[in-house]
Each structure stands twice: as structure tokens, then as C-alpha cells.
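J.: Let me see the structure of the following:
(chains A and B)
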There are 2 protein chains.
Amino acid sequence: MAKIEKYAVGVDLGGTNIKIGIVSAKGKLVKSTSIKTEADSGPKNVISNIIDGIDSILSKNKFKIQGIGVGCPGVVSIKKGIVENAPNLPGWKNVKLGPIIKEKFGYKVHLENDANAAAIGELIFGAGKKFDSFIMVTLGTGVGGGIVFNKKIFRGEFGAAGELGHISIDVNGPKCNCGSTGCIEAYAGNSYLKEQIRSELKNYPDSKVWELIGNDLSKVSPRVIQVASEKKDEYARFVIERMGRQLGAALASLSNLLDISTFIVGGGVAGFGKPLFDSVRLTVTQRVLAPLRPRVLVIPAKLQNEAGIKGASSLVFYNN
Amino acid sequence: MAKIEKYAVGVDLGGTNIKIGIVSAKGKLVKSTSIKTEADSGPKNVISNIIDGIDSILSKNKFKIQGIGVGCPGVVSIKKGIVENAPNLPGWKNVKLGPIIKEKFGYKVHLENDANAAAIGELIFGAGKKFDSFIMVTLGTGVGGGIVFNKKIFRGEFGAAGELGHISIDVNGPKCNCGSTGCIEAYAGNSYLKEQIRSELKNYPDSKVWELIGNDLSKVSPRVIQVASEKKDEYARFVIERMGRQLGAALASLSNLLDISTFIVGGGVAGFGKPLFDSVRLTVTQRVLAPLRPRVLVIPAKLQNEAGIKGASSLVFYNN
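T.: Just a heads-up that it's a prediction; the model follows:
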């Protein structure tokens, strides 16, 4: 008799969209949907949207569902299934999201911070499968991360570990929204990066970026830099390689501290591809302590656009 | 019947001296000796010195010895009791120190890297007793550390975790011996600190430091800065507070990453005392992410001059 494959529902709760899908234990996304979060309407309405979304994804369900995984921004209590605080979701303070979903659908619910969910997703389904320990780096609006040590998320004292966007690489560096200076997020986070490009692009009048943005600085984006870099634009390459050096410096400190030398890099900005990865890899290798150098490995995440849903689903298959 | 107290032998193997003592399970040093390491004479002779030292400390022994703990510089295999590599001990490559001592004396031998031993010492006998998790920072010739998480040393993938002296706080900072730039050790390590003071003291002709060193720059030392600071010398205070800001910046990054907010600071330079601790505390609090701020605690180590022997002894009472 063929073994019946197991499935999980994954809910990726974002500030703009809620993405929901059904994912197999082997990591195949078999069904998915995306709905508006309507975050400004407050927790009650957002929860109602989540429930409608799960309802619709489970309609005519023919899969053997093992549970529901939910990835949330902010601080969560994984034990209680509570969203303690989510800065991007107005009004979310100690919301019992896990128990509410469990009561509605009857399945076991696994709630997790979205950065950790992304790391667990790579661990269970993605580039982290063959490693016991790695650092997940997510380059997006912010710079997030997750520490996987011996196949488990390292959570720290109160579950907030992994904020590697707020490793400072320059005490005298640019101001970060967090209140500190020189945080890696203050260089590589989307809004900081765009701002930096806008302020220096005038010094590169020949850059192909100008054409790509139609001379409209408001159209600057990581995507534009990526396209220009693929066209071998010198300035775009400079931006990407500089980011690689900045990120690499942070990761080297982290590697010295934790003796973990595998880095899995995902998120939209990871689309910069080879020029970014080469630069990160070179910098980490140059900067880490000698015994760690031969072990440094910087590789792209695998789940990419499906990282949210698959990360959330993976929580069901993760042995916490 | 009174409970018989248990004791351990602690061996603190340093590049210059081997300090050996007997310490009770309550952390009282009841007997101690110090002998020359004679590191240049090679492992065989050093081991012979260690054995002679243990022999002498155990002569006429009236204590109930539970085992022998050894703190070593460099990379050790705690499982095998092997010193894999000790840069400050010429010729030490894969030296089976643990088994050799065990065979000679019959007691169980616990070998550990000295920075981790210092952390375990504070955990078992010192300022770390009441904490589940903390970061030990040792300010000496180098800047070392140990990560204690849930009462255990966090070792990383290959046992080398805790190198917090090589967290960089400035990608463009001064060159560190490790090959990187801006490492906290390149500011706060003894030799770097002395060099920095020598190069800038001429700009402070009125500093009391000049008198303390008899105008001889070769006599600059952390101790001199400490004495001048106690006399309220402005330059000395500036040096100490700057070091506090530098160290604080590194610790803030570390706290964001690990969600551990208790720091125990020891080593000779921690003798700078209140001005240093105030500066570190303020900087960490200013720089960590908001949710961590109320939890930041920066306290002095307790074991001080006896940290080496007591750290080594504590290994015997530590539940690895």
C-alpha cells in the first residue's frame, strides 16, 4: 500500500497580504491563496480574514492535514500561541491567534515569528536540510534572521534572538530606526538602501540606472539595481558589492561569536545574486578568525517567493 | 552527622604560570600554588610541571577530591580531554592532557578552554549563580568571552563559540591581529589600549598619567589609567569611558542577536570599575532594541584574581 503523504496548512501573516497554502511534508505547495490583511482594521477583522482564508483553502480538501502553521511579524509566545506584540499590525497586543484558529478548525496550530519560520522553512524544506546549524539571513524591507543550531531555533532568553539586522558594523555609521547607529539594516534594509542610492546617483551620471528609472529618483528600487547589475552597470555593481562587504562584516562577527559558518541568504534583495554572494563570501572569509575560514559557506535560500507559506507550513513538521 | 564537603583540584594553565589549587564545592579556595609554565620548553616539560604541581598540592591531602579541572588557552576537545591547538603554548597540537593527568592521579579530569572555564566559574561560584543565561566578558591581554545559555556553555559547531573580542564595531576601524578591522579587542585588548594611549598622551600634557609613568611612555599600563582615573584625571576617565562605549556597542549587537541581556565583566581591565561599568551600561541600553532595554544588566565578575583556579575547579562541579 502506498504511504499516504502528509500535508500542512501554512499561513503567512504579513502587513499587506495574508498568504495561505497547503504544503506537503516534502515541501510541495499544492494549493494557495492570497488575501488582503487590512491591518489597519484591527486584530478582530484581520483574524476574521485569516479564518476566511483558511476556510477557503480547506474547502473540498482532499489532503491529510497534520496541522496549521502561522508565521507572524513581531514577538510571539510559541508555547501559548499568542502574538505578544507586532509593530506592523496596529492593535496587536497579546492576541491569542493560535487558540482562536485551533478552536475554529480543530487542527493543532503552530505559531512562530516570521523570521524564525523562514529559517525553519529552509531547515525542513530548503537549503538548510543538509546542515545541522546555520544562520538564515532575510534581506527585505528590514534585515531579519534566524539562528539554527543543532537543527533547532536558538531563541535566547525571551524568544527574541536572531535580530541580526541590528548588528552594528560601524559605531559612527548611519542612524538606524531602532535608535542605534551602523546597524546592518541601516545599510541593507530596502528603504535605507533606496535613500542611499537616491543621494549618490547624481555622482554617476552615466549609470544605466538613470534610464531604468526614467530619470525619476522615486522609482529607485533594489529591483532596478539588480537589472542594471545584470546589464553590467558599474554603479549597480558597486552598490551590490558594497552591500556584500557590509553584510559580510556583520556575518563575520556573528560567526566568530557563535562558531556557526553556514549562512543561507534569502529575501527579495538576495535576488542581486552572484555579485552579492561573491562579495559576502569574500568578506566573511577575510574577516573571520583563521580556524573558521575554511568552513565559511554563504548560499542562497531555496524557498524564495514561497518562503512565507512554506516557512509557516514547515512549523507543523518541525520537531520543536 | 555533618555532610562531608566535596572538593576539586583546579589547574589554570597559562602561558607564563600554572596556577593550581583546591577549591570546595562552595567555591572556597583552601590551598594553592603557582609554578612557572616554561612554555618554551615544549609540551612534555610543561606537562611534567603540571603533574609536579598537582602532586605537591595533593601532598598530605585531607580533602575529598571529586576530580581535576583544567583551564587551557586555545582550542580543546572537552570530550577527549585533548588540547587541539594552543597558540600561546609552543608545540601544543593534539596534546592528550586530560588522559595523561587522569592516568597519573586516577581522578576524572575535565578539560576546558580558559575563557569558557572563566564563564563556568562565574556560573557555579560567582556572579552568574543567580542567572540562567549570561555573557561572560574577560578584559585582559585579549578580550575573551563565554556564552552561558540555560546554565550551559554555548559552544557552536566546533567548540569555538564565544570569541566576542572579535566582534567588529567599525568596518573601517583599526587593524586587529586576527586580520580583521575594528574588532573590540583592537580597542580594549591590553597592547592595543597601551599603544593608543602612548600615541595620544602628548595631546594631554596636564594629565596625571605623565607623573604616574615618570614621563616614560613605556610604563603606560591599564593599571596607571586606573590609578589616574581614581585621582579624577580627565584623560584617564576619557580613556575608560571611550572603552565603555566601544565595548557597549559590541555587547548591544550581541544582545540583539542572542536575546541575552546579562553581562558579567571580569579580567584585569575590569578593575577600571564604576566609570567603565557605567559607560558600558549606558551604551548597551542606548543601543539595544527597545524590548531589551529594561533587561540590560552589566555587572562585575566575582572571582577576580582567583578566576583561573576557581574557573578550572568549577568544571568538576559543572553538569556538562
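J.: Now do the end-to-end distance for stretch A:158-167.
T.: Here the two ends of stretch A:158-167 are set 18 Å apart, with distance taken as C-alpha to C-alpha, to the nearest Å.
J.: now stretch A:158-171
T.: 26 Å.
J.: OK, contacts around residue A:74?
T.: A:83-89, A:92, A:113 (C-beta atoms under 8 Å, 6 or more residues apart in numbering or on different chains). Placement of C-beta: from N, CA and C, glycine included.
J.: try residue A:98
T.: For residue A:98, the contact set (C-beta under 8 Å, 6+ apart) comprises A:70, A:80-82, A:109-111.
J.: How about residue A:204?
T.: Contacts of residue A:204 (C-beta under 8 Å, 6+ apart): A:234-235.
J.: Mind doing that once more with 6 Å?
T.: Listed by C-beta atoms under 6 Å, 6 or more residues apart in numbering or on different chains, the contact set of residue A:204 reads residue A:235.
J.: Can you read off the pLDDT for it?
T.: Among the per-residue scores, residue A:204 holds a pLDDT of 97.
J.: Also the one 10 residues further on?
T.: pLDDT, residue A:214: 97.
J.: Which of the three states applies to it?
T.: Following DSSP: H, G, I helix; E, B strand; the rest coil, the label given to residue A:214 is coil.
J.: are any of the contacts of residue A:98 buried, and which?
T.: Neighbour counting by 16 or more other C-beta atoms under 10 Å in any protein chain shown classes A:70, A:81-82, A:109-111 among those as buried.
J.: Pull the contacting residues for the residue in the stretch 1-150 of chain A positioned nearest to chain B.
T.: Closest residue of the stretch 1-150 of chain A to chain B, C-beta to the nearest C-beta: residue A:133 (5.2 Å). If you count contacts by C-beta under 6 Å, 6+ apart, residue A:133 has them with A:148-149, A:260, B:157.
J.: do the strand or helix carrying residue A:264 and chain B meet?
T.: Secondary structure from DSSP states H and E places residue A:264 in strand A:262-266. No: contact of strand A:262-266 with chain B is not found when judged by C-beta under 6 Å from any C-beta of the partner chain; the minimum separation is 8.4 Å.
J.: among the buried ones among the contacts of residue A:98, which two are most distant?
T.: Greatest spacing in these, by C-beta to C-beta: A:82 and A:110 (12.8 Å).
J.: Common neighbours of those two, please.
T.: Common neighbours of residue A:82 and residue A:110 (C-beta under 6 Å, 6+ apart) do not exist.
J.: Could you report the neighbour count for residue A:300?
T.: Using other C-beta atoms under 10 Å in any protein chain shown, residue A:300 has 16 other residues around it.
J.: Identify the residues contacting the residue most central in space within chain A.
T.: What sits nearest the mean C-alpha location of chain A, by C-alpha atoms, centre = their mean, is residue A:138, with 3.8 Å. Residue A:138 is in contact with A:118, A:144, A:266-267, counting by C-beta under 6 Å, 6+ apart.
J.: the domain parsing of chain A - what is it?
T.: Residue ranges for the domains of chain A, per automatic domain parsing: A:6-124+A:306-317, A:130-301.
J.: wait, which of these is closest to residue B:5?
T.: Smallest distance to residue B:5 across the domains of chain A (C-beta to C-beta): 32.8 Å, for domain A:130-301.
J.: related to what we said a few turns ago, would you mind listing the two of the contacts of residue A:74 that lie farthest apart?
T.: Once C-beta to C-beta is applied, those give A:84 and A:88 as the farthest pair, at 13.8 Å.
J.: Find residues that contact each of the two.
T.: By C-beta under 6 Å, 6+ apart, residue A:84 and residue A:88 have no common neighbours.
J.: List, one by one, the residues from chain A near chain B.
T.: A:133, A:156-158, A:160-161, A:163-164, A:166-171, A:178, A:180, A:249, A:253, A:256-260, A:287, A:289.
J.: ok so, going back, so what touches the strand holding residue A:264?
T.: Here strand A:262-266 makes contact (C-beta under 6 Å, 6+ apart) with A:122, A:127-128, A:131, A:134-138, A:251, A:297-299, A:301, A:307.
J.: swap the cut-off to 7 Å and go again
T.: Outside of strand A:262-266, the residues within contact range by C-beta atoms under 7 Å, 6 or more residues apart in numbering or on different chains are A:118, A:122, A:127-128, A:131, A:133-139, A:251, A:280, A:297-301, A:303-304, A:307.
J.: Kindly report the same for stretch A:38-53.
T.: By C-beta under 7 Å, 6+ apart, the residues outside stretch A:38-53 that reach it are A:11, A:13, A:15, A:18, A:20, A:33, A:35, A:37, A:88-92, A:95, A:97, A:100, A:104.
J.: Over to stretch A:213-232?
T.: So stretch A:213-232 is contacted by A:190, A:193-194, A:197-198, A:201, A:207-209, A:212, A:236-237, A:239-240, A:268-269, A:271-272, A:275 (C-beta under 7 Å, 6+ apart).
J.: Show me the shaky parts of chain A.
T.: Chain A contains residues with pLDDT under 70 at A:1-2, A:320.
J.: So in it, which helix runs the longest?
T.: helix A:234-258 (DSSP state H).
J.: hang on, isn't residue A:73 packed against residue A:114?
T.: Yes: under the criterion of C-beta atoms under 7 Å, residue A:73 makes contact with residue A:114 at 5.4 Å.
J.: Any chance of a ChimeraX selection covering the buried ones in the contacts of strand A:262-266?
T.: Buried subset of the contacts of strand A:262-266, written as a ChimeraX selection, criterion 16+ other C-beta under 10 Å:
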select /A:118,122,127,128,131,133,134,135,136,137,138,139,251,280,298,299,300,301,303,307
